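Trainee: structural data only, the sequence is not supplied:
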């Protein structure tokens, strides 16, 4: 008996968590301090100094199952317990019985090949549950089973009926009308149920600082579907600050302040500061609503900006008083604003009048797909298009007539519709032109910020920031389009390689383009981190020279860009 009791002492230390426990065979999983105390005892704890072997076996079996060792073998050898953990079982295949045809479980990645554990079963169940709730099945029921001998996982699915969104019970707000929540709603009453739209609604309210916690409680009964908003209020003031770096702006700092609940209609007041080597700006704005549930509001704004570009240096101040509104459908959000503005520009270096003060009428239209907004933290799907104009008329506190029109957009496709994505294809574009009544006067007087420049991470990545047209005069018409293919969640550590090609054209006159095409093939990496994304690109700036009567505006060269926090 004495020899049997001492046998574990001769084994390797990592296989002997305590004298009464010995791991044999190929596997020897490390136990945490808490697990070791539970199976081995704790001499410092009264009532837990000695653990019976049958209790140690029961607890150890649970700990091993949590690691994927589903068929351990235990043998009592006198005063100690011998444990052969066996082979670790992994998820080899997944079968979902009762799943609607619209959902393909083979598109759910990162589920096979992992250890078959209760946590992994919960992960598979959660992925199937989310896929059902995204397609209108508000209250599915799923039973999970795992088989140690084959690594097969079986999900028995009862999807339940397809639901439409009923009336939603709003959360209570102290000092504000609960109907304020309607301004943030991405879902439509009577529309198909999609849990992503409720999550997006909650994220919008949290981003505005309306709540510190918000979610939607979904329940089903014989009476039908019931949805209630659950919120936790915090202080209405929200403070944010952040820092970053890129090769165009160099060091970047930003600070924001917001009060989101002013009065019963929850009007808001916010301010922001931005600082970098290239740009320093300050902005304050308000949203004033006539009614709590109204999406129509007044959006007064004041901005001050200093730009220190290679091509020019200017100071810009603006006061604007535009009415604005938003509109929502099941798939997209529309934001529109239009109103007068008073602008003052001081050009320290570069084109334009040294000082220019004028009235303008500004408009902005932005259309955004819900999925682009929902996946904003890790872009994979959706689209956005925006248009803007700024008009000034000679004789109305302006020395010339100029109408600036611009638009931009992007679209993303999750190739194969995998979750998480295997690859994401994206395109982004921009276009702009200026109409003037006197071209010669406009070349001399139009402020530099009203002109178009090409180059940099925002458009043509094979050129330096605002490098084209190669001087400070800028373009009066410019167009750009870029195509990018990015690898999804395939490589470890969140590293995503990408390849792209950009192309652009421009002209010194409005509503026309010169023949030369400037284009840039390139490649890069995106690295997802908890605090943001690190992104680097290397591109070759090239010219398709189609105008023999004029020299190209750019010489071929390599351009490197690096940033922290910027997205496609």
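Mentor: On my side now, so go ahead. On a predicted model such as this, the values are computed, not experimentally measured, just so you know.

Trainee: from the contact counts, what lies against whichever strand in the chain runs longest?
Mentor: Ranked by number of residues, the top strand in the chain under DSSP state E is strand 332-349. In this structure, strand 332-349 packs against strand 313-320, strand 323-328, strand 355-369, helix 370-374, with contacts taken as 3 or more Cβ pairs under 8 Å, 6 or more residues apart in numbering; DSSP states H and E. Placement of C-beta: from N, CA and C, glycine included.

Trainee: at 10 Å instead, please
Mentor: Judged by 3 or more Cβ pairs under 10 Å, 6 or more residues apart in numbering; DSSP states H and E, the packing partners of strand 332-349 are strand 297-298, strand 301-308, strand 313-320, strand 323-328, strand 355-369, helix 370-374, strand 382-392.

Trainee: any idea of the pLDDT on the closest residue to residue 497 other than its chain neighbours?
Mentor: Once flanking residues are discounted, residue 497 sits nearest to residue 487: 5.0 Å by Cβ to Cβ, 6 or more residues apart in numbering. With respect to pLDDT, residue 487 scores 95.

Trainee: for residue 487, what are its contacts?
Mentor: Counting by Cβ atoms under 10 Å, 6 or more residues apart in numbering, residue 487 touches 421-424, 495-499, 525-526.

Trainee: which of those are buried, as a ChimeraX select command?
Mentor: The ChimeraX selection below is limited to those of those classed as buried (16 or more other Cβ atoms under 10 Å):
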select :421,422,423,424,496,498,525,526
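
Trainee: ok, residue 524 - contacts?
Mentor: With Cβ under 10 Å, 6+ apart, residue 524 has these contacts: 461, 484, 486, 496-500, 535-539, 560-562.

Trainee: from those, pick the one nearest residue 253.
Mentor: residue 562 (17.5 Å; Cβ to Cβ).

Trainee: which residues are contacting the helix or strand hosting the closest one?
Mentor: Using DSSP states H and E, residue 562 sits in strand 557-564. Strand 557-564 has contacts (Cβ under 10 Å, 6+ apart) with 243-249, 252, 455-457, 460-465, 467, 520, 522, 524-527, 529, 531-542.

Trainee: distance of the residue nearest to residue 497 from residue 543?
Mentor: According to Cβ to Cβ, to the nearest Å, residue 487 and residue 543 sit 29 Å apart.

Trainee: repeat that for residue 210.
Mentor: 51 Å.

Trainee: next one: residue 504
Mentor: 11 Å.

Trainee: who has more neighbours, these two?
Mentor: residue 504 (25 against 16; other Cβ atoms under 10 Å).

Trainee: which stretches in the stretch 401-550 of the chain count as helices?
Mentor: For the stretch 401-550 of the chain, the helices defined by DSSP state H, counting those that start in this stretch occupy 439-445.

Trainee: after the strand or helix carrying residue 253, next one along is what?
Mentor: Here residue 253, judged by DSSP H and E, is contained in strand 250-262. Downstream of strand 250-262, the first helix or strand assigned by DSSP H and E is strand 267-276.

Trainee: go through the helix or strand following that following strand and flag the buried ones.
Mentor: Counting by DSSP H and E, the element after strand 267-276 in chain order, helix or strand, is strand 279-287. Within strand 279-287, the residues scored as buried using 16+ other Cβ under 10 Å are 280-283, 285-287.

Trainee: and which of those is nearest residue 117?
Mentor: The closest of these, once distances to residue 117 are taken by Cβ to Cβ, is residue 287, at 48.4 Å.

Trainee: what sits against the closest one?
Mentor: Going by Cβ under 10 Å, 6+ apart, the list of residues near residue 287 reads 183, 208, 260, 262, 265-270, 297-301, 324.

Trainee: ok, it to residue 553 distance?
Mentor: Counting by Cβ to Cβ, the gap from residue 287 to residue 553 is 42 Å.

Trainee: how about residue 47?
Mentor: 83 Å.

Trainee: contact partners for residue 342?
Mentor: 302, 317-321, 357-360, 397.

Trainee: which residues does it bridge with?
Mentor: residue 319, residue 359 (DSSP bridges).

Trainee: if we can go back for a sec, so which of the contacts of residue 524 are in strands?
Mentor: Short answer: the contacts of residue 524 in strands (DSSP E) are 484, 486, 496-500, 535-539, 560-562.

Trainee: just the buried members of the residues you listed?
Mentor: The neighbour-count test (16+ other Cβ under 10 Å) marks 484, 486, 496, 498, 500, 535-537, 539, 561-562 as buried among these.

Trainee: quick one, phi psi at the nearest residue to residue 98 once chain neighbours are set aside?
Mentor: Closest residue in space to residue 98, ignoring its immediate chain neighbours: residue 157 at 4.0 Å, by Cβ to Cβ, 6+ apart. Main-chain torsions, residue 157, degrees, to the nearest 10: phi -110, psi 130.

Trainee: report the separation between residue 157 and residue 50.
Mentor: 47 Å.

Trainee: more neighbours, these two?
Mentor: Set side by side, residue 157 and residue 50 show more neighbours around residue 157, with 21 against 10, by other Cβ under 10 Å.

Trainee: beta partners for that one?
Mentor: Applying DSSP bridges, one finds that residue 157 bridges with residue 142.

Trainee: now swap in residue 478 and tell me
Mentor: residue 432, residue 506.

Trainee: how about the one 4 residues further on?
Mentor: For residue 482, the beta-bridge assignment (DSSP bridges) gives partners residue 428, residue 502.

Trainee: burial check on it, number of neighbours?
Mentor: 23.

Trainee: now stretch 472-492, how far from the chain's geometric center?
Mentor: 18 Å (Cα atoms, centre = their mean, to the nearest Å).

Trainee: ends of it, how far apart?
Mentor: In stretch 472-492, first residue to last residue: 44 Å (Cα to Cα, to the nearest Å).

Trainee: tell me which residues in it are buried?
Mentor: Buried residues in stretch 472-492 (16+ other Cβ under 10 Å): 472-482, 484-489.

Trainee: do you know how far residue 225 is from residue 137?
Mentor: Separation of residue 225 from residue 137 (Cβ to Cβ) stands at 11 Å.

Trainee: got any residues that touch both of the two?
Mentor: Going by Cβ under 10 Å, 6+ apart, residues that sit against residue 225 and also against residue 137 are 160-161, 163, 193.

Trainee: what is the nearest of the contacts of residue 487 to residue 346?
Mentor: Using Cβ to Cβ, the contacts of residue 487 come closest to residue 346 at residue 526, 38.6 Å.

Trainee: longest helix in the chain, please.
Mentor: helix 118-133 (DSSP state H).

Trainee: what residues of that helix count as buried?
Mentor: Those would be 120-121, 123-125, 127-133, for helix 118-133 by 16+ other Cβ under 10 Å.

Trainee: which strands and helices lie in contact with that helix?
Mentor: In terms of contacts (3+ Cβ pairs under 10 Å, 6+ apart), helix 118-133 is packed against strand 93-97, strand 141-147, strand 152-158, helix 195-207.

Trainee: partners of the helix or strand following the third one in the sheet?
Mentor: Where DSSP H and E defines the elements, the next helix or strand beyond strand 152-158 is strand 168-169. In the sheet containing strand 168-169, its partner strands are strand 224-232 (parallel), by DSSP bridges.

Trainee: no further queries at this time; thank you.
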